[in-house]
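> Model the following, please.
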Amino acid sequence: QVQLVESGGGLVQAGGSLRLSCAASGRSFSNNGMGWFRQAPGKEREFVAAISWSGGRTYSADSVKGRFTVSRDNAKNTMYLQMNSLKPEDTAVYYCAARLPFKGGNWNEERSYDYWGQGTQVTVSS
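Coordinates of the predicted model:
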């Protein structure tokens, strides 16, 4: 059974940092592109960042560029999201997602992903 589990969320003051992890189990995800999305209360889920299977290509939403960094460790079947200079507007539930191997589609669209985690809450206080 394929499973993605996020961890590392929590409460942090504005300007602080958090690192989210997404651990994959059930199969190797070393050939899968992966991404992070988030959903704030009352808003639609939105793209945050994504990374190719090798880690050679990364993509980020304009709202997080320069503050968030996505990375992965295929030996550990884990993807990370380093979040720095956090703002109250970053408050959301953060989800990780994975695409089927060699699957195309836009990195910033939910329909491009086939597996989803349950999410981890990030709350940034002002």
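
> Give me the below-cutoff pLDDT ranges for the chain.
In the prediction, the chain carries no residues with pLDDT under 70.

> Spatially nearest residue to the residue nearest the centre of it, not counting backbone neighbours?
Computing the C-alpha centroid of the chain and ranking residues by Cα atoms, centre = their mean puts residue 36 first, at 2.2 Å. Spatially, and ignoring its direct neighbours in sequence, residue 36 is nearest to residue 48 (4.2 Å; Cβ to Cβ, 6 or more residues apart in numbering). Heads up, the C-betas are built off the backbone N, CA and C, glycines and all.

> Next, count neighbours for the nearest residue to residue 28 once chain neighbours are set aside.
In space, and not counting its chain neighbours, residue 28 is closest to residue 77: 6.3 Å by Cβ to Cβ, 6+ apart. When neighbours are counted by other Cβ atoms under 10 Å, residue 77 registers 18.

> what do you get for residue 50?
So residue 50, with other Cβ under 10 Å, has 24 neighbours.

> Where does it fall, secondary structure wise?
Per DSSP states H and E: residue 50 is located in strand 46-51.
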